[in-house]
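In: here's a sequence, model it:
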Amino acid sequence: MRADICIEICEYGILRVYFQGIVVMFTESKLRVKVLSASEELGDYPAWEVRIPSHKGEMGVRPSHSPLLGALSVGVVRIQSEQVSRGDLHWFFVSGGFFEITDSSLVLLVDTWEEASSIDFARADEARERALGHLKASDSKVDIPRALAALKRAEARLSLKEVLKHGGIAAPRNPSTRSSSSGSSSVSEKERAVVNA
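Out: Model (predicted):
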């Protein structure tokens, strides 16, 4: 009896074993993460796990995830390169876009993509204060949705400051629960509902 066994080793540690044309073993140690803007490729990363902000909340993606298309919301993307090393985390800010999960890849089509270490936190803090000033103003000409969107972007960026302070290991705080310097919540429940919508 002749045994037709074929072993295929692919990019990012994918291994497939075929017996008489049928896949009998399939392992994937890495997920390929491609980050694209409308005009260029922004990054290509091997990953064991990726956490992305979707419109339905934070979502984890690992190799062999079910295929899925969806929208990214403003927030933080965490790419974990190795399964066992918590110190091998890469953090990014994303301002929205779309994602596609296929067999062994995650494609992120993003509006804005910033590595945590390159964020200007003083500028983000100024943007946060400016947005809060617009929201607190009694002027009827204030564009509330625009101010809320600016606030959400600023607070997502600022949440990465805590991560960097702890060596890239701590999870960022939820931007909608951030407090002002006086200790009281800087965003009303009504505004928070609009921000999280």
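In: may I ask you to name the longest helix in this structure?
Out: helix 144-165 (DSSP state H).
In: quick one, domains of the chain?
Out: Residue ranges for the domains of the chain, per automatic domain parsing: 30-116, 119-196.
In: turn these into JSON lines, including mean pLDDT.
Out: JSON lines is the format used below for the domains of the chain (pLDDT from 0 to 100):
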{"stretch": "domain 30-116", "mean pLDDT": "88"}
{"stretch": "domain 119-196", "mean pLDDT": "72"}
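In: closest to residue 4 out of the ones you listed?
Out: Nearest to residue 4, of all these, is domain 30-116, at 23.3 Å by Cβ to Cβ. For the C-beta atoms, the positions are set from N, CA and C on the backbone; glycine is no exception.
In: just so I have it, where are all the helices in this structure?
Out: So, for the chain - with DSSP H - the helices run 121-136, 144-165, 189-196.
In: which of the ones you listed sits most buried?
Out: Between the helices of the chain, helix 144-165 has the highest mean count of neighbours, a mean of 19, where neighbours are mean count of other Cβ atoms under 10 Å.
In: list the helices and strands that helix packs on?
Out: strand 75-80, strand 89-94, helix 121-136, helix 189-196 (3 or more Cβ pairs under 8 Å, 6 or more residues apart in numbering; DSSP states H and E).
In: please produce a markdown table containing these, extended by distance to residue 52.
Out: Shown next, in a markdown table, are the helices and strands packed on helix 144-165 (distance: least, Cβ to Cβ, whole Å):
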| stretch | distance to residue 52 |
| --- | --- |
| strand 75-80 | 5 |
| strand 89-94 | 8 |
| helix 121-136 | 20 |
| helix 189-196 | 17 |
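In: for residue 65, which of the ones you listed is the nearest?
Out: strand 75-80 (14.0 Å).
In: ok, back up a step: relative to strand 89-94, how tilted is the longest helix of the chain?
Out: Between helix 144-165 and strand 89-94, the angle comes out at 160 degrees (axes from the mean of the first three to the mean of the last three Cα atoms, to 10 degrees).
In: please put the alpha-carbon coordinates of helix 144-165 into PDB.
Out: Extracted C-alpha coordinates of helix 144-165, given in PDB (Å, rounded to 0.1, in the frame of the first residue of the first chain):
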ATOM      1  CA  ILE A 144     -21.300  68.400  19.400                       C
ATOM      2  CA  PRO A 145     -20.700  65.200  17.400                       C
ATOM      3  CA  ARG A 146     -17.400  66.600  16.100                       C
ATOM      4  CA  ALA A 147     -16.300  67.600  19.600                       C
ATOM      5  CA  LEU A 148     -17.200  64.200  21.000                       C
ATOM      6  CA  ALA A 149     -15.200  62.500  18.200                       C
ATOM      7  CA  ALA A 150     -12.200  64.700  19.000                       C
ATOM      8  CA  LEU A 151     -12.500  63.800  22.700                       C
ATOM      9  CA  LYS A 152     -12.700  60.100  22.000                       C
ATOM     10  CA  ARG A 153      -9.600  60.300  19.700                       C
ATOM     11  CA  ALA A 154      -7.600  62.300  22.300                       C
ATOM     12  CA  GLU A 155      -8.600  60.000  25.200                       C
ATOM     13  CA  ALA A 156      -7.600  56.900  23.200                       C
ATOM     14  CA  ARG A 157      -4.200  58.400  22.600                       C
ATOM     15  CA  LEU A 158      -3.800  59.400  26.200                       C
ATOM     16  CA  SER A 159      -4.700  55.900  27.400                       C
ATOM     17  CA  LEU A 160      -1.500  54.700  25.700                       C
ATOM     18  CA  LYS A 161       0.600  57.000  28.000                       C
ATOM     19  CA  GLU A 162      -0.200  54.700  30.900                       C
ATOM     20  CA  VAL A 163       0.800  51.700  28.900                       C
ATOM     21  CA  LEU A 164       4.200  53.200  28.100                       C
ATOM     22  CA  LYS A 165       4.700  54.300  31.700                       C
END
